[in-house]
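Asker: What follows is a predicted structure for the sequence shown.
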Amino acid sequence: MSEGDGGAEPAARERIGVIGAGYVGLVTGVCLASMGYEVTLRDIDAAKVAALSDGQVPIYEPGLEDVMAEHASRLRYTLSLERMLDRSDIIFIAVDTPPTYSGDADLSRVMGVVDELERVGADERHILVMKSTVPVGTGQRVRAELDARGLGQVGYCSNPEFLKEGAALADFLRPDRVVIGSFEARHGDRVASLYEPLGAPIVRTTVPTAEMVKYASNAFLATKISFINEIANVCEEVGADVAVVANGMGMDSRIGSAFLRAGIGFGGSCFPKDVSALKQLAGNSGYHFQLLTSVIEVNELQKRRVIGKLKKHLGGLEGKRVALLGLAFKPETDDMREASSLVLAARLLAEGAEVCAFDPIVDSPTDRLKGVTMCASAEAAVSGADAAVLVTEWASIVGMDWGGVRSTMRSPVLIDGRNALDPLEMTRLGYVFEGIGRIPAHVEVPR
């Protein structure tokens, strides 16, 4: 094992299987391989399996390609569930659970795994470990299905993931906590032993409680984001600076500074669907989760406020060229799921604007960006633009020569949707500048 891989060699040589080689599954498998475990990843996408077998990484995550290459001897990829079962003892389920039209989580892929296990067969050495984010009660449903299909000997645990895109390897190998819910202590013991080399706190609980920890954590973080965005909107009305407000709030140990950065709302694969799923779960149980209803509404409206800022400075947007700088939902990822850029692009196009965009990783438009012109650089995107919107705070975009590109714009309107730029500096450079809840540049701040 290489130095710095996350701890000592595992005491028990459990063999690991991972069903689903997407973002969570691949990171989980590669990190466990880096800890010394033999790992077999199974996916139903033949092209993805072939690419992974050739050492190609289908997602962008800093450091993942290097760690995957370093521990390639302990990683196997297959289309066959039967082959994966033969090579595995503990099996992580990491399939998608996308939202349905009702807002519930779609569990068809999870239940599809149960269908396949019934067909292929599994035995008493196997433990299913749910990594996918699933509604509370899913584990009990899966347990009942396993029992009904003659697979009562197969163990089941809930082990939710808390990976941040852009920092997933560190989150896995240096976690704040590891949560394990089990129906039987012996199964939880085996899963806990996998993580003991990491030296992290291990929370042992019931399966429903473990499932709720995941949803509650994401819902609380999303609530902090929507709260500070509401504060930012009030700051704009009363002349306060949300950056200073958030800093002052964050110094309070009861509040903390994390997730108190105002902007144009949250996106990605977790927060939007998990908040919606928890709200729906509560509703299905007969409880109206009013707070989460507001969190969702604030997040949707926050994106559209940018359109209002553009109209304030440009008037109508018909025929105006607007540059979107950054497309991914956050830096250091290529994930476009629920990205703010999608809403902004759609609204701008609907208003008759010409939309051009640049992202250092997302370099080709998807169907959801139909009508958007992709540019080779941030400088090219803003050239000839009537306005630019900083959507994703990539370091290369934040640090570009703003003074130099100013002269290439048709009009120097700049909306900083992530509060990543200095209002005073941008105004000094000649921009008509707006952040989110920031003090106007002409207001002198006492020192």
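Answerer: Looks like it arrived, so ask away. Computed from a predicted structure; not experimentally measured.
Asker: Confidence-wise, which helix or strand of the chain is lowest on average?
Answerer: Scoring the helices and strands of the chain by mean pLDDT, DSSP states H and E places helix 271-284 at the bottom, with a mean of 88.
Asker: Can you name the element that comes right after that helix?
Answerer: Following the chain from helix 271-284 toward its C-terminal end, the next helix or strand by DSSP states H and E is helix 290-314.
Asker: Each with direction, which strands does the following helix or strand past that following helix pair with?
Answerer: Elements were assigned by DSSP H and E; along the chain past helix 290-314, the next helix or strand is strand 321-325. Each strand pairing with strand 321-325, determined using DSSP bridges, is listed with its direction: strand 354-358 (parallel), strand 387-390 (parallel).
Asker: Any buried residues in strand 321-325, and which?
Answerer: Of the residues in strand 321-325, 321, 322, 323, 324, 325 count as buried by neighbour count, 16 or more other C-beta atoms under 10 Å. Every residue, glycine included, has its C-beta placed from N, CA and C.
Asker: From residue 27, how far out is the first one?
Answerer: Using C-beta to C-beta, to the nearest Å, residue 321 is found at 39 Å from residue 27.
Asker: picking that back up, quick one, which of the strands paired with strand 321-325 is nearest to residue 330?
Answerer: Proximity to residue 330, assessed across these by C-beta to C-beta, is greatest for strand 387-390 (12.9 Å).
Asker: any idea how far that closest one is from the chain center?
Answerer: Remark: strand 387-390 is offset 23 Å from the chain centroid, using C-alpha atoms, centre = their mean, to the nearest Å.
Asker: In CSV, could you pull the C-alpha coordinates for it?
Answerer: Output for strand 387-390, consisting of C-alpha atoms alone and laid out as CSV, is shown next (Å, rounded to 0.1, in the frame of the first residue of the first chain):
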residue,chain,number,x,y,z
ALA,A,387,-23.2,42.0,-20.4
ALA,A,388,-21.4,39.2,-18.7
VAL,A,389,-22.6,37.0,-15.8
LEU,A,390,-20.1,35.1,-13.6
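Asker: Report the buried residues of that strand.
Answerer: 387, 388, 389, 390.
Asker: sec struct for the spatially closest residue to residue 371 that is not a sequence neighbour, please.
Answerer: Leaving aside its chain neighbours, residue 371 sits nearest to residue 349 (5.0 Å; criterion: C-beta to C-beta, 6 or more residues apart in numbering). Following DSSP: H, G, I helix; E, B strand; the rest coil, we place residue 349 in the helix state.
Asker: now the one 3 residues further on
Answerer: On the three-state scheme (three-state DSSP), residue 352 is labelled coil.
Asker: what ranges of the stretch 1-150 of the chain fall below the confidence cut-off?
Answerer: Across the stretch 1-150 of the chain, residues meeting the criterion (pLDDT under 70) sit at 1-12.
Asker: could you pull out the strands for it?
Answerer: Chain-ordered strands for the stretch 1-150 of the chain, with DSSP state E, counting those that start in this stretch as the definition, fall at 16-19, 39-42, 75-78, 90-93, 127-130.
Asker: Looking at the buried residues of strand 321-325, which one is closest to residue 42?
Answerer: Nearest to residue 42 among these is residue 324, at 37.5 Å by C-beta to C-beta.
Asker: Spit out the contact partners of the closest one.
Answerer: Counting by C-beta atoms under 8 Å, 6 or more residues apart in numbering, residue 324 touches 341, 344-345, 348, 355-358, 372, 381, 388-389, 391.
Asker: Nearest to residue 413 among these?
Answerer: Proximity of the contacts of residue 324 to residue 413 was ranked by C-beta to C-beta; the top entry is residue 388 with 7.3 Å.
Asker: Show the pLDDT at the nearest residue to the closest one once chain neighbours are set aside.
Answerer: Setting aside the residues directly before and after it, residue 388 is nearest to residue 323 in space (C-beta to C-beta, 6+ apart), at 4.2 Å. Reading off the per-residue confidence, residue 323 sits at a pLDDT of 98.
Asker: and residue 323, what does it touch?
Answerer: Residue 323 sits next to 356, 357, 358, 375, 381, 382, 385, 387, 388, 389 when contact means C-beta under 8 Å, 6+ apart.
Asker: would JSON lines of the residues you listed with distance to residue 284 and pLDDT be doable?
Answerer: Below are the contacts of residue 323 laid out as JSON lines (distance: C-beta to C-beta, whole Å; pLDDT from 0 to 100):
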{"residue": "356", "distance to residue 284": "43", "pLDDT": "96"}
{"residue": "357", "distance to residue 284": "39", "pLDDT": "96"}
{"residue": "358", "distance to residue 284": "42", "pLDDT": "96"}
{"residue": "375", "distance to residue 284": "45", "pLDDT": "95"}
{"residue": "381", "distance to residue 284": "44", "pLDDT": "97"}
{"residue": "382", "distance to residue 284": "47", "pLDDT": "97"}
{"residue": "385", "distance to residue 284": "46", "pLDDT": "98"}
{"residue": "387", "distance to residue 284": "43", "pLDDT": "98"}
{"residue": "388", "distance to residue 284": "43", "pLDDT": "98"}
{"residue": "389", "distance to residue 284": "38", "pLDDT": "98"}
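Asker: Can you add distance to residue 269 and give these back as JSON lines?
Answerer: JSON lines is the format used below for the contacts of residue 323 (distance: C-beta to C-beta, whole Å):
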{"residue": "356", "distance to residue 269": "26"}
{"residue": "357", "distance to residue 269": "21"}
{"residue": "358", "distance to residue 269": "22"}
{"residue": "375", "distance to residue 269": "26"}
{"residue": "381", "distance to residue 269": "26"}
{"residue": "382", "distance to residue 269": "29"}
{"residue": "385", "distance to residue 269": "30"}
{"residue": "387", "distance to residue 269": "29"}
{"residue": "388", "distance to residue 269": "27"}
{"residue": "389", "distance to residue 269": "23"}
